[in-house]
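> sequence-free structure coming up:
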């Protein structure tokens, strides 16, 4: 079977393109052309039906929620609940990142529990299996890596973060700069670097990149070039080894596309807000506008417990400047495995940030206009319909109901809207700022 | 007694300047010079001792928490608890914005309960009294306004948001543009406009601006020029009437300084993130760098229930671009009067945003560097000391403790830091990225 890229290059519009176009209010032709140019991907797997989500140029910024066990906490029921909550809260995709327990079983149960496209980091399973079999991740045989990638594709995974851009050249940059303040924080990246240094060998995922891309293309799975050297500290952001890996990843994105594989590039990480635009500009330039998948980014190191907020700040700017896909960060980042509530808060914060960015990137502001009219009209039902934040607003209002049905307890009788609008009715009548304007 | 501005102009360094300088790691001479130029203010009241907090150029971005009753919910004990929680969570100032219950009593109890400088919006009390006495806010006699301002100054208020910039010219701009999508959302602004239109009179706070500034100067209270026309909707941001009011406010800021009064200017509001920089540039230009006090700003209309996050996004950019003072926004904004937990979440989100901005504006990143080194070293005690987020991080970690003391349940055995750092010890040794680097 042909991949989305190959079909797009033949001029074919697939069902996935049609569904992705519809969800984002663009034409199927537009999606096809962008897929052909490698500027949009649709995470997919020929063996599993899932929601078709377009990621890339001209489309709404999408949000990923990552779940998965650790060796300390491996509770399948909880992971399934997290997956369902993430979907219910409006995540566009899931990454199943388990490293503890029966990883293949967890993956298969998650795949059965949601309709979202599901992604993985195959290195996690490979290193976990190596530890089980050989007592250490650095003893992992190379073939185990490819076996795991194939196995995960066969299970129905739609996108994989694979650390192909880590190589001897990037490790050398890390050495020359005297390592890092925050060290290496990508699990896949750290383990791969340890493997390379212990074995004094090149990264097989780089050396045999064609083989990786071939497997993923066979299933139409998106190859997301992992950011193994993403900064895990503000003082490491945009350092030479991060940018070196980005150079390689952008080169591989082009190579993968040429092979007919759907390709995406991953980005930071921890970063001060004045470096976000530069990171996106160079990624877009060097990859010829491959979709950019960023981890927030997190914009300060010193606010653990609130990293859904530090990353929402970064994500809003990423989205505004052109990032296409946001990985959520939860309040328990840097501290513990997220629980169900953390997943909910993480998805909400990331979705808000993605929208704040889309208001700039896509001038997507119709919903905001409708909300302001509903507010001016004190139409609470309509406000709750328009909110992108689920039941929360209605719950807050219900918990503290006002005496006057139309105002709220914030101002009570002193509702600004109620007292003043009547003086301007003739002015409103003359212009476009009327109640009932269309949302889009 | 002379005000801070007058003393600074005479070359005097006051105790307030010394304390404010110390808290921000600058010299007292610097603070004096900036106060003399009107670029820094220190909310103060000659009749009440409070913490000396410098707001303005070259200083850390400060955070205000607003509390206060409404006519629906007027519980003094709860307001005192909110005030104390805000102070404990690291707010730099409080605004007591009650419009319900016994307003003078609430104000006095709050003033006794905290050491922070406390601000008010005197229009609220004036209109509330007018409703009680005359049945309507539009029947308020002019002298009542000045009486309330004097009374609040005499009680020990350190800064007041007063809507002097609303005048017939700004109201005319509002009419000509056909009103607004979101209407008027500033309580003080809406009531004053209603008063003006009902009585067909100019705003007395504009007409008798000198009298307002004279009263505040007498107590050394900061006059914060209220943003009565701030946009309450994305589609109204930076519209002509908002900018018209800003023009007038910047003019009044200069006039007030000339009279020896400490002056500050207030800003948006609701605003898309690509307009924040422009708002700050023009405020700074037109006011000759008067301290800028912004309400977040809120960066989308459609996320009620999460406006601490939508405003943290705006506040981080405001702070980065040069805003000096951030008013927090709580999760219940647009929905209900905040409760104690809302106050806590609001202060945390605003403080994080202020810091994210200060990392750019002041290059204040020493704490972030220390945190990254503590993370690399898996030094949890130090991480909790360095966090600006109180007890929350330790609570999250404690709630899900790992088997290995040094890692966390997020990665468990797969702790990236633990596996890889050892390979780079020689590289670290050569460079500056060592554990134990100084925080500042």
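Arrived safely. Since this is a predicted model, take the numbers as computed values, not measurements. Residues are numbered from 1 along each chain as shown, chains lettered A, B, ... in the order given.

> if I pick residue A:296, what's in contact with it?
A:268-269, A:307, A:310-312, A:314-315, A:318, A:326-329, A:350 (C-beta atoms under 8 Å, 6 or more residues apart in numbering or on different chains). In short, each C-beta sits where N, CA and C put it, glycine included.

> May I see those residues organised as a markdown table, with pLDDT added?
Formatted as a markdown table, the contacts of residue A:296 follow (pLDDT from 0 to 100):
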| residue | pLDDT |
| --- | --- |
| A:268 | 92 |
| A:269 | 93 |
| A:307 | 98 |
| A:310 | 98 |
| A:311 | 98 |
| A:312 | 98 |
| A:314 | 98 |
| A:315 | 98 |
| A:318 | 98 |
| A:326 | 98 |
| A:327 | 98 |
| A:328 | 98 |
| A:329 | 98 |
| A:350 | 98 |
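
> Go through those residues and name the one nearest residue B:220.
residue A:310 (37.0 Å; C-beta to C-beta).

> Against residue A:36, how distant is the closest one?
The gap separating residue A:310 from residue A:36 is 37 Å, by C-beta to C-beta, to the nearest Å.

> How about residue A:90?
For residue A:90, the distance to residue A:36 - C-beta to C-beta - is 29 Å.

> which one of these two has more residues nearby?
residue A:36 (19 against 16; other C-beta atoms under 10 Å in any protein chain shown).

> burial of residue A:186, as a residue count?
So residue A:186, with other C-beta under 10 Å, has 27 neighbours.

> oh, I was asking about residue A:358
Residue A:358: 19 neighbours (other C-beta under 10 Å).

> Wait, a helix at it?
Yes. When classified by DSSP: H, G, I helix; E, B strand; the rest coil, residue A:358 is found to be part of a helix.

> Wait, it touches residue A:367, no?
No. Shown here, residue A:358 and residue A:367 do not form a contact pair, counting by C-beta atoms under 8 Å, at 10.0 Å.

> Please list the residues of the stretch 1-150 of chain A that sit near chain B.
Applying C-beta under 8 Å from any C-beta of the partner chain, we find that the stretch 1-150 of chain A lies next to chain B at A:70-73, A:99-100, A:124, A:127-128, A:131, A:137.

> Show me the two of the residues you listed that sit farthest apart.
Applying C-beta to C-beta across those, the maximum distance is between A:73 and A:137, 20.0 Å.

> correct me, but residue A:182 touches residue B:375?
Yes. In this structure, residue A:182 is within contact of residue B:375 by C-beta under 8 Å, at 5.8 Å.

> which neighbours do these two share?
A:232-233, A:301.

> now those in JSON lines, with distance to residue B:214 and pLDDT?
Putting the shared contacts of residue A:182 and residue B:375 into JSON lines (distance: C-beta to C-beta, whole Å; pLDDT from 0 to 100) gives the following:
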{"residue": "A:232", "distance to residue B:214": "55", "pLDDT": "95"}
{"residue": "A:233", "distance to residue B:214": "52", "pLDDT": "97"}
{"residue": "A:301", "distance to residue B:214": "47", "pLDDT": "97"}
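
> now chain A, which segments are flagged as low pLDDT?
A:436-440 (pLDDT under 70).

> what are the ranges of the strands in it?
Under the criterion DSSP state E, chain A contains strands at A:40-41, A:55-56, A:62-67, A:93-96, A:118-120, A:159-162, A:222-225, A:263-266, A:292-294, A:325-327.
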